[in-house]
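# okay, structure incoming, though there's no sequence with it:
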């Protein structure tokens, strides 16, 4: 008879787990020990969340089909190739010749008579300053004008009131780093020069990586029945890293009694290593071409050619006119000199000299050989700021200046 041995107490066993022990005298006899069986409680398993069923509708039917997938793939491939070209933003159609018209020429800088400007800066971040302008001996500039401006990284406000009771105001708002809305209001009082009037413009600019789109409306109104005003839309796109092409469309209807008019102009811009060439084809058939070149770090030059081809139905012929302008700008250490001459017989110069960091003197002169007339202007500009504001300016330049949406 086989012998039964007791399970040694030295062998560990878990509660509730049956153990089989082999007897030394019977090789194939096993004894099951009787131990209490206990169960370990486990937390209940949470039921699986129901899987949301895809709703089938008109929108999903439009987006989830073979044609939509093919269009998405084509657009993604086009965007990838577009980014691989390394295109840059070309600017706007309005400023396609900015390097010549604004940086070199004297178009918006020339004046006559005596002028004094006093500017007081109260803050740098946000930007806030006021200016008083006094003028004498000029028919275009009023005797006195007060200007105030305020700007942050998102908004820009500017107001101007002169002694002729003419008011102009600007308000720009940057919705995103690429989208800016600009508004301009001008109210001119009646005087001997004219009956006066008011003008309002609304503009939206979108600046992409390689294009710029603009939409502008001037004096829009529906009070007289049909839509009146001037509406302008422009688009400039970089085709290659050097070439940009664009167009500008104009729709205008000054009054309800007059019929609408539509015009389209085209623009092109080409950038070289140190030169820029641009051309515009006007709706009337005119052509304007500009060429800008930097000859050295201080010297830059520009040439502008304006050709007009206008027919006169009453005279029965085509009138051809052309004006060529040559200009240059030289930057000294503390001054800047501009000069330009054109085929119409006009010669103009402008010298800006900064005497001290807060005082600048400007001299302007223009000589018209055809009309045998001359204009001379002298201006003094003084900028005032407290020490605290100057300290803010230095810290702002180190941390990054405020860039309002001008």
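Perfect, thanks for sending it. This one's a predicted model, so the numbers in the text were calculated from it and none came from an experiment.

# could you pull up the mean pLDDT of stretch 175-186?
Taken as a whole, stretch 175-186 has an average pLDDT of 96.

# enumerate every residue touching residue 367.
Taking CB atoms under 8 Å, 6 or more residues apart in numbering, we find residue 367 in contact with 346, 347, 348, 373, 374. In short, each C-beta sits where N, CA and C put it, glycine included.

# strands - which of the residues you listed land there?
Here DSSP state E is the test, and the contacts of residue 367 give 346, 347, 348, 373, 374 as lying in strands.

# mind showing which ranges of the stretch 101-250 of the chain have poor pLDDT?
Within the stretch 101-250 of the chain, the segments meeting pLDDT under 70 span 192-194.

# that older thread, would you format the contacts of residue 367 as JSON lines with pLDDT, neighbour count and distance to residue 257 included?
JSON lines is the format used below for these (pLDDT from 0 to 100; neighbours: other CB atoms under 10 Å; distance: CB to CB, whole Å):
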{"residue": "346", "pLDDT": "94", "neighbour count": "18", "distance to residue 257": "39"}
{"residue": "347", "pLDDT": "96", "neighbour count": "14", "distance to residue 257": "45"}
{"residue": "348", "pLDDT": "96", "neighbour count": "22", "distance to residue 257": "42"}
{"residue": "373", "pLDDT": "92", "neighbour count": "10", "distance to residue 257": "40"}
{"residue": "374", "pLDDT": "94", "neighbour count": "12", "distance to residue 257": "45"}
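
# contacting residues around residue 142?
135, 162, 163, 164, 166.

# neighbours around the third one, how many?
The burial count assigned to residue 163 is 12, neighbours taken as other CB atoms under 10 Å.

# do the same with the fourth one
Residue crowding around residue 164 was assessed by other CB under 10 Å; the count is 16.

# same thing with the first one?
Neighbours of residue 135 under the rule other CB under 10 Å: 22.

# for residue 143, see how far away it is.
As judged by CB to CB, to the nearest Å, residue 135 and residue 143 stand 6 Å apart.

# cool, and the last one?
Taking CB to CB as the measure, residue 166 falls 12 Å from residue 143.

# the stretch 251-400 of the chain: helices as residue ranges?
For the stretch 251-400 of the chain, the helices defined by DSSP state H, counting those that start in this stretch cover 387-399.

# how about the stretch 51-200 of the chain?
Under DSSP H, counting those that start in this stretch, the stretch 51-200 of the chain gives helices at 58-63, 66-84, 98-101.

# please compute how far the second one lies from its chain's middle.
For helix 66-84, the distance between its averaged C-alpha position and the chain's averaged C-alpha position is 27 Å (CA atoms, centre = their mean, to the nearest Å).

# could you give the mean pLDDT of it?
Here the average pLDDT along helix 66-84 is 84.

# OK, contacts around residue 355?
residue 361.

# can the ones in strands among the contacts of residue 367 go into JSON lines with extra columns for distance to residue 109?
JSON lines is the format used below for the ones in strands among the contacts of residue 367 (distance: CB to CB, whole Å):
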{"residue": "346", "distance to residue 109": "14"}
{"residue": "347", "distance to residue 109": "15"}
{"residue": "348", "distance to residue 109": "9"}
{"residue": "373", "distance to residue 109": "19"}
{"residue": "374", "distance to residue 109": "17"}
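
# and which of those residues is nearest residue 158?
Residue 158 lies nearest to residue 348 out of the ones in strands among the contacts of residue 367, by CB to CB, at 27.4 Å.

# wouldn't residue 102 be in contact with residue 95 here?
Yes. Using CB atoms under 8 Å, residue 102 is in contact with residue 95, at 7.4 Å.

# thinking again about what came up before, comparing residue 166 and residue 143, which residue is more hemmed in?
Neighbours per residue (other CB under 10 Å) separate residue 166 from residue 143, with residue 166 holding more: 16 against 13.

# burial count for the closest residue to the more buried one other than its chain neighbours?
Nearest residue to residue 166, sequence neighbours excluded (CB to CB, 6 or more residues apart in numbering): residue 188, at 4.7 Å. Residues within reach of residue 188, counting by other CB under 10 Å, total 18.

# my guess is residue 188 contacts residue 161. True?
No. If you go by CB under 8 Å, residue 188 and residue 161 don't touch, sitting 11.6 Å apart.

# find residues that contact each of those two.
By CB under 8 Å, 6+ apart, residue 188 and residue 161 have no common neighbours.

# count the residues that sit near residue 81.
By other CB under 10 Å, neighbour count at residue 81 equals 9.

# ah, wrong one, I meant residue 209
Using other CB under 10 Å, residue 209 is surrounded by 12 other residues.

# any idea how far it is from residue 147?
For residue 209, the distance to residue 147 - CB to CB - is 35 Å.

# cool, and residue 384?
Distance of residue 384 to residue 147, computed by CB to CB: 15 Å.

# and these two? Which one has more around it.
Here residue 384 and residue 147 are compared on neighbour count by other CB under 10 Å; more neighbours surround residue 147, at 17 against 11.

# what residues are up against the nearest residue to the more buried one once chain neighbours are set aside?
With sequence-adjacent residues excluded and distances taken as CB to CB, 6+ apart, residue 147 is closest to residue 131, at 4.4 Å. Residues in contact with residue 131 (CB under 8 Å, 6+ apart) are 117, 118, 119, 120, 146, 147, 148.

# so, low pLDDT: which residues of the stretch 251-400 of the chain?
Ranges of the stretch 251-400 of the chain meeting pLDDT under 70: 310-318, 396-400.

# contacting residues for residue 126?
Going by CB under 8 Å, 6+ apart, residue 126 touches 150, 151, 152, 402.

# likewise for residue 324?
Residues near residue 324 by CB under 8 Å, 6+ apart: 303, 304, 305, 306, 342, 343.

# alright, calling it a day.
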